[in-house]
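Trainee: pasting the structure only:
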Ligand SMILES: [Fe+2]
């Protein structure tokens, strides 16, 4: 059997980065739907539909992140218990209703995740795992766009 040709150090760096980003990404995917369901305001349908698009994009990148962890020989920790224990995103306020409040909460969390992903690009690329850095670059590109759209609606 032939594994991916990477140093043990590169694998460790990549798995650690990917695992943390996986937890954050699943958290963000869940709370994107939470906002999609609960926000209220005059732009409801635009925001409701925009957030469904974000969720679809997130699901694709979360999947690529998890599959890369397994390609590197580790277990992708995708249970809700593992995610709750590991996510670095701030707890989502549970009383939000107004669309402006949801947009502000989302912007904070999309910015936090894209910051972590950008750090991950540097760490994994620096360790010699260009493929993981590329996967994370695609994730960051998607998150940058989502953050732009959220901030454009926030005014
Ligand atoms: Fe829906």
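Mentor: Received, thanks. Keep in mind it's a predicted model, so treat the numbers as computed, not measured.

Trainee: neighbouring contacts of stretch 75-83?
Mentor: By C-beta atoms under 8 Å, 6 or more residues apart in numbering, the surrounding residues in contact with stretch 75-83 are 19, 22, 23, 26, 27, 65, 66, 67, 69, 70, 86. Any C-beta I mention is one placed from the backbone N, CA and C, and that applies to glycine too.

Trainee: return the closest of these with respect to residue 135.
Mentor: residue 65 (6.8 Å; C-beta to C-beta).

Trainee: wait, what's in contact with the closest one?
Mentor: Shown in contact with residue 65 (C-beta under 8 Å, 6+ apart): 18, 21, 22, 25, 76, 135, 136, 139.

Trainee: so the second one sits right up against residue 140, yeah?
Mentor: No: using C-beta atoms under 8 Å, residue 21 is not in contact with residue 140; the gap is 10.1 Å.

Trainee: which neighbours do these two share?
Mentor: Joint contacts of residue 21 and residue 140 (C-beta under 8 Å, 6+ apart) are residue 117.

Trainee: show me which of the two is the more surrounded one.
Mentor: residue 21 (25 against 19; other C-beta atoms under 10 Å).
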